[in-house]
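Participant: Using only what follows, build the 3D model:
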Amino acid sequence: MRRESNSYMRWVAIALILGAFLLTILQLVTYSRLRSAFPSGTTIAGIAVGGLTQQQAADRLTQAYSLPIEAHFGDAVFQIRPSSVGFEMNVTAMVTAADVQRVNQPFWVGFWNYLWNQESSSITIPLSATIPENRLRSFLEQEIAARYDQPPVAAMPVAGTVNFSSGEAGEALNIDRAMVLIESAMRSSTNRIVNLTYDQVDPPRPSLANLQILLQQIIDVSGFDGISEVYIMDLESGEELNFAYTQGENVPPGIAFTAASTIKIPIMVSVFRRVSEPVPEAVTSLIHDMIDQSENPPADALMELVIDSNLGPMGVTDDMQALGLENTFLAGEFAVGAPLLQRYVTPANSRTDIDTSPDVYNQTTPEDLGLLLTDIYQCAENNGGTFAIVFPNEITSSECQLMINYLLSNRIAALVQAGLPDGTQFAHKHGWIVETDGLMHAISDAGIVYSPSGNFVIVIAMYHPVQLIFDDANRLAADLGVAVYN
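Facilitator: Coordinates of the predicted model:
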């Protein structure tokens, strides 16, 4: 009886061993099939691909990263396809890298983990993709900004006033920020919504063409029926405006006007060309009286002392012609009875279409004065301008700043200065003269305005053949100056 029991138990044990062996073989076959795919916990570019073959994983990656980006820009919502900005994934490289890690995992370690339902070592492959920066930027500029930007509205002149409308600010896509946001979204498998930001764009300044229209309207409203010419130089952009106007009609600019005391700006330049730093006190005192007090004897004394004892005015003229200011000259000293040293014929005083009866002793044009002031400004700012080319090492930046300081000290609270806001720096020289008939016919003001939004040169010259009333000319010059400032 005991023998039969032992035999039975032996066969049961053999059966159990055989069953375990067959079960192990079955599990090995099942695991081998599973091992041909990626193990659970495998992620490629943030996408779970456990249990998938290489082809299935590649398809899932392509599908996930081909979905468009949803972009919000203001009230607009639109989609951006990755292919439209050149997004390319290196799918083959990522899948191959994951497969290499799968293959390198020890078989029996993986089988043991499988038998006991334990997680195998996870495989994580980062995204490998490229987005051409130039293509993304081009897409944003041409497809998004061009379509959704809101351009600003420029300030416009207000008819009948010296003012401009404030204009309207615009909105422009912040392209640099957008590139960062979109690239980040395209490299994400989950966060594919972006909120694009914009920059506020201030209204541009009115165009110089619109400014000219406003200035001419101001002249019309004033009732001035003489000849006027205006020159403006934007010292920030280098843009110029130069027009002449008479009785509601445009005439070619470049009119010869009596320079009067504005010729003292050229005298000052010629003096500084010939003196060395530190400038002698006798010279600085004369310059102060010539510019600030607008006295004539100091001007004559300067030319005799520094330029030439007899031909000082011609030295000033030579300097201006060397600078290319061919319509500016000084043919004699200011003193009554001073001899006329030479008669100068210029393009401006040779015109036959218009005549302001300019003084044969001193003449200029608004453009010449404007260009000379621009040279002084550029010399003071960075030792640039024409001085450095025509008079190398003869006029220093500090001397040019000193010239501007003298012009800043000329405070008369009239003409252009009368219209500028309180505290505005205006480096200028004015000029007018009572003719032999006891009347004033010409007046001018030329200077550099320092404003919060940019500095500019302005020169205004007016002439009337009958009589130029100072109060009317003063008011008109102030209105023109503040309109340019505005």
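
Participant: show me where pLDDT drops low in this structure?
Facilitator: Low-confidence regions of the chain, defined by pLDDT under 70, span residues 1-6, 12, 19-36, 103-121, 159.

Participant: Show me the residue at the heart of it, geometrically.
Facilitator: Ser237 (9.0 Å; Cα atoms, centre = their mean).

Participant: Look up the closest residue to that residue, ignoring the ones flanking it.
Facilitator: Spatial nearest neighbour of Ser237, chain neighbours left out: Gly454 (7.9 Å); criterion: Cβ to Cβ, 6 or more residues apart in numbering. Every C-beta, even on glycine, is put in place using the N, C-alpha and C of the backbone.

Participant: that's a strand at the one you found, yeah?
Facilitator: No: applying DSSP: H, G, I helix; E, B strand; the rest coil, one finds Gly454 to be coil, outside a strand.

Participant: how close does it get to Val158?
Facilitator: 21 Å (Cβ to Cβ, to the nearest Å).

Participant: Only the buried residues of stretch 165-180, if you could.
Facilitator: Along stretch 165-180, the positions that meet the burial threshold by neighbour count (16 or more other Cβ atoms under 10 Å) are 167, 170-171, 173-175, 178-179.

Participant: how about the CA coordinates for it, as PDB?
Facilitator: Extracted in PDB, the C-alpha atoms of stretch 165-180 (Å, rounded to 0.1, in the frame of the first residue of the first chain):
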ATOM      1  CA  SER A 165      -4.000 115.600 -33.200                       C
ATOM      2  CA  SER A 166      -2.500 113.100 -30.800                       C
ATOM      3  CA  GLY A 167      -2.800 110.200 -33.300                       C
ATOM      4  CA  GLU A 168      -3.600 106.600 -32.200                       C
ATOM      5  CA  ALA A 169      -1.200 104.000 -30.900                       C
ATOM      6  CA  GLY A 170      -0.900 100.700 -32.800                       C
ATOM      7  CA  GLU A 171      -0.200  97.100 -31.900                       C
ATOM      8  CA  ALA A 172       2.700  95.000 -33.400                       C
ATOM      9  CA  LEU A 173       3.400  91.400 -32.800                       C
ATOM     10  CA  ASN A 174       6.400  90.900 -30.500                       C
ATOM     11  CA  ILE A 175       8.100  88.600 -33.000                       C
ATOM     12  CA  ASP A 176      11.100  87.600 -30.700                       C
ATOM     13  CA  ARG A 177       8.800  86.600 -27.900                       C
ATOM     14  CA  ALA A 178       6.500  84.800 -30.400                       C
ATOM     15  CA  MET A 179       9.400  82.700 -31.700                       C
ATOM     16  CA  VAL A 180      10.200  81.500 -28.200                       C
END
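
Participant: Distance from the chain centre to it, please.
Facilitator: 14 Å (Cα atoms, centre = their mean, to the nearest Å).

Participant: which residues are contacting that stretch?
Facilitator: The contact list for stretch 165-180, computed with Cβ atoms under 8 Å, 6 or more residues apart in numbering, reads 73-74, 133, 136-137, 140-141, 144-145, 148-158, 194, 196-204.

Participant: Buried subset of the residues you listed, written for PyMOL?
Facilitator: Selection command for PyMOL covering only the buried members of the contacts of stretch 165-180, criterion 16+ other Cβ under 10 Å:
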select buried, resi 73+136+140+144+145+148+149+152+155+156+157+194+196+198+203
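
Participant: right, and Val457 touches Gly238 too?
Facilitator: No: in this structure, Val457 is not within contact of Gly238 by Cβ atoms under 8 Å, at 11.0 Å.

Participant: who's more crowded, the two?
Facilitator: Between Val457 and Gly238, Val457 has the larger neighbour count (other Cβ atoms under 10 Å), namely 25 against 8.

Participant: List the residues that contact the more buried one.
Facilitator: Neighbour list for Val457: 231-233, 235, 370, 373-374, 377, 446-449 [criterion: Cβ under 8 Å, 6+ apart].

Participant: what are the phi and psi values for the residue nearest to the centre of the chain?
Facilitator: Geometry field for Ser237 lists phi and psi as phi -100, psi -20, criterion degrees, to the nearest 10.

Participant: Please apply the same query to His464.
Facilitator: Residue torsions, per degrees, to the nearest 10, at His464 are phi -140, psi 130.

Participant: gap between it and Ile227?
Facilitator: Here the distance between His464 and Ile227 works out to 8 Å (Cβ to Cβ).

Participant: ok, now Thr190?
Facilitator: 74 Å.

Participant: The two - which one has more neighbours?
Facilitator: Using other Cβ under 10 Å as the criterion, Thr190 and Ile227 rank with Ile227 on top: 21 against 9.

Participant: With Phe243 as the reference, measure out to the more buried one.
Facilitator: Summarising the geometry, the distance separating Ile227 from Phe243, computed by Cβ to Cβ, is 12 Å.

Participant: picking that back up, of the contacts of stretch 165-180, which belong to strands?
Facilitator: Within the contacts of stretch 165-180, residues falling in strands by DSSP state E are 73, 194, 198-201.

Participant: related to what we said a few turns ago, pipe the buried residues of stretch 165-180 into TSV and attach distance to Gln63 per row.
Facilitator: Supplementary listing: the buried residues of stretch 165-180 in TSV, determined by distance: Cβ to Cβ, whole Å:
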residue	distance to Gln63
Gly167	49
Gly170	40
Glu171	36
Leu173	30
Asn174	31
Ile175	30
Ala178	26
Met179	25
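
Participant: Tyr245: what secondary structure?
Facilitator: Secondary structure for Tyr245, judged by three-state DSSP, is strand.

Participant: That one and Asp225 touch, don't they?
Facilitator: No: in terms of Cβ under 8 Å, Tyr245 does not count as a neighbour of Asp225; the distance is 10.6 Å.

Participant: The two - which one has more neighbours?
Facilitator: When neighbours are counted by other Cβ under 10 Å, Tyr245 comes out ahead of the other of Tyr245 and Asp225, with 20 against 13.

Participant: partner residues bridging that one?
Facilitator: Listed by DSSP bridges, the beta-bridge partners for Tyr245 are Ser228, Asn250.

Participant: residues contacting it?
Facilitator: The contact partners of Tyr245, by Cβ under 8 Å, 6+ apart, come to 216, 219, 227-230, 251.

Participant: try it again with 10 Å
Facilitator: With contacts defined as Cβ atoms under 10 Å, 6 or more residues apart in numbering, the neighbours of Tyr245 are 212, 215-216, 219-220, 224, 226-230, 251, 253.

Participant: Can you tell me how far it is from Asn486?
Facilitator: From Tyr245 over to Asn486 the distance is 19 Å, taken as Cβ to Cβ.
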